[in-house]
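J.: pasted the sequence and its predicted model underneath.
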Amino acid sequence: MSEREPIGVIGVGWVGLVTAAGFAELGHEVYARDILSEKIDALRRGEVPIHEPGLEELVAKNRDRLHFTTDMADVISNAQLLFCCVDTPPTYSGDADLSSVERVVEELGDSTDHALVMKSTVPVGTGRAIQRRRADVGYVACPEFLKEGAAVQDFMKPDRVVVGAGPESADFADRVENLYAQLGAPIVRTDVASAEMIKLASNAFLATKISFINEIANVSEELGADVEEVARGMGLDERIGPHFLRAGIGYGGSCFPKDVSALKQLAGNSGYHFQLLSSVIEVNELQKRRTIGKLQKHLGSLVDREIALLGLAFKPHTDDIREATALVLAHRLMGEGAAVRIYDPVALNNAGDMLAGATTCKSAEEALEGADAAVLVTEWPEFRELDWAGTVKDLMRNPLVVDGRNFLDDEALRAAGFTYEGIGRPAASAVEA
Ligand code: UDX
């Protein structure tokens with residue numbers, strides 16, 4: 001049985017807000033603290049500053065149990081389990097920057113009957129280092145596995161919950177387990193270092209799957225196989241599984257690039273060269289560049305060519321553009337002398353001057369008008385709904401589509417007179433011949 005107990009959430013970013021709203025939905029009083037007063041003011045007014053399906057509704061529904069504050073003392077005096085959800089961005093060397101976590105540890109002050117429950121992704125060994133300094137405070141590693149765009153659902157129906165603690169924090173770990181018990185997910189109870197490693201290894205493995213299928217896609221293009229068929233056939237093997245076998249123009253987002261580099265660096269710092277991860281990263285970078293080659297194959301020089309980029313967010317159903325492939329592509333294309341026109345249904349406002357030099361558009365049609373080629377970067381459903389055979393064909397100067405997510409109906413596009421290039425699908429010329 002889950003007992004209701006007050007919960008502290010420190011850092012009300014994407015992870016923190018989903019965690020806070022999720023626990024409030026489960027009936028707990030939640031004291032959520034962020035250092036940004038504008039953010040807290042907005043949340044108190046009921047405004048949710050993040051595009052995440054279902055989150056606004058969850059926050060509104062549980063308003064009475066959600067107490068937003070900028071004051072750490074409010075959290076410490078009301079809750080003993082303090083979920084640390086602050087950011088751990090990569091440094092220039094690929095290591096994780098732990099300064100926000102360090103600040104939280106400092107801010108615990110002289111409180112002793114509390115436990116820090118680490119949701120933020122941290123290098124293996126972080127928990128042990130914190131415990132050495134703060135043996136008077138409990139420590140539980142409870143990494144988050146939420147996917148952007150499905151985070152609320154992932155909170156309510158996790159595949160598993162990982163709870164890592166040493167014997168001295170066993171009671172706190174039991175309480176964390178209890179909080180999640182009603183969700184019915186398997187709970188992996190382990191030591192702190194293993195919990196930290198489960199998180200990094202999971203993301204590194206998923207990224208490896210993506211780079212692997214992307215290389216299969218590239219070879220398939222050479223050999224005339226269709227990666228979609230290959231992935232389907234592979235995925236039915238239970239040992240492989242069907243997920244994360246979608247070939248595309250590379251993974252992005254706030255987690256995979258950061259966590260793969262962090263694990264590689266962590267291994268390197270311990271004296272172990274993690275060769276496989278070096279390749280995973282390199283394949284992902286090369287994958288973004290192949291799009292330029294596909295455009296050049298049909299257009300020759302890209303100087304003064306108008307290229308429409310459909311999608312900016314690193315994946316659909318989010319406005320997150322961290323490590324978004326579209327940003328890299330836009331700059332590479334401009335570097336080749338092309339004019340870039342870009343449209344995304346929700347993410348353009350976040351670009352600031354990151355898209356300087358490109359034209360941002362209010363609709364897909366506006367981006368496609370007069371274009372020499374369209375590149376589908378993010379698989380937003382509305383891009384499939386476009387009237388490709390009619391309006392789009394009329395709007396574009398040259399009917400060339402590079403589908404970076406194998407998302408569009410290739411047969412319909414070809415039938416409508418488009419030159420279609422997917423990822424790991426038989427080359428246009430091979431099919432047309
Ligand atoms: C990921 C993990 O899935 C999640 O468990 C962790 O907590 C945070 O990192 P997220 O970054 O939200 O979540 O994105 P995810 O849906 O996993 O996709 C990551 C990237 O991989 C996207 O750019 C996506 O387009 C790409 N991807 C995913 C592929 O290219 N092919 C696939 O088959 C799957």
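T.: Done, it's in.

J.: tell me the residues of the chain that contact the ligand?
T.: 144-148, 203, 206, 210, 244-246, 248, 251-256, 314-315 (C-beta under 6 Å from any ligand atom). All C-beta atoms are positioned from the backbone trio N, CA, C, and that covers glycine.

J.: return a PyMOL selection command for the buried portion of the residues you listed.
T.: Only the buried members of the residues of the chain next to the ligand enter the following PyMOL selection, criterion being 16 or more other C-beta atoms under 10 Å:
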select buried, resi 144+145+146+148+203+206+210+244+245+246+248+251+252+253+254+255+256+314+315
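
J.: stretch 175-192: which residues count as buried?
T.: Buried, per 16+ other C-beta under 10 Å, within stretch 175-192: 175, 176, 177, 179, 180, 187, 190, 192.

J.: what secondary structure does the fourth one sit in?
T.: This points to residue 179. Put simply, residue 179 is helix when judged by DSSP: H, G, I helix; E, B strand; the rest coil.

J.: leaving out chain neighbours, which residue sits closest to residue 354?
T.: residue 327 (5.8 Å; C-beta to C-beta, 6 or more residues apart in numbering).

J.: re earlier: pipe the buried residues of stretch 175-192 into a markdown table and attach pLDDT per row.
T.: Shown next, in a markdown table, are those (pLDDT from 0 to 100):
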| residue | pLDDT |
| --- | --- |
| 175 | 97 |
| 176 | 98 |
| 177 | 97 |
| 179 | 97 |
| 180 | 97 |
| 187 | 98 |
| 190 | 98 |
| 192 | 98 |
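
J.: where in the stretch 251-400 of the chain is pLDDT low?
T.: Along the stretch 251-400 of the chain, the model assigns pLDDT under 70 to no residue.

J.: ok, the closest residue to the ligand within it - contacts?
T.: Across the stretch 251-400 of the chain, no residue is closer to the ligand than residue 255, which sits at 2.9 Å (C-beta to the nearest ligand atom). Counting by C-beta atoms under 8 Å, 6 or more residues apart in numbering, residue 255 touches 121, 203.

J.: need the contact list for the closest residue to residue 407 other than its chain neighbours.
T.: Spatially, and ignoring its direct neighbours in sequence, residue 407 is nearest to residue 379 (4.2 Å; C-beta to C-beta, 6+ apart). Contacts for residue 379 were tallied using C-beta under 8 Å, 6+ apart; they are 311, 315, 316, 405, 407.

J.: name the SS class of the residue nearest to the first one when sequence neighbours are not counted, please.
T.: Spelled out, it's residue 311. Nearest non-adjacent residue to residue 311, counting by C-beta to C-beta, 6+ apart: residue 378, 2.6 Å away. Classification of residue 378 by three-state DSSP places it in coil.

J.: so residue 192 touches residue 167, yeah?
T.: No: the pair residue 192 and residue 167 does not pass the contact test of C-beta atoms under 8 Å, sitting 11.0 Å apart.
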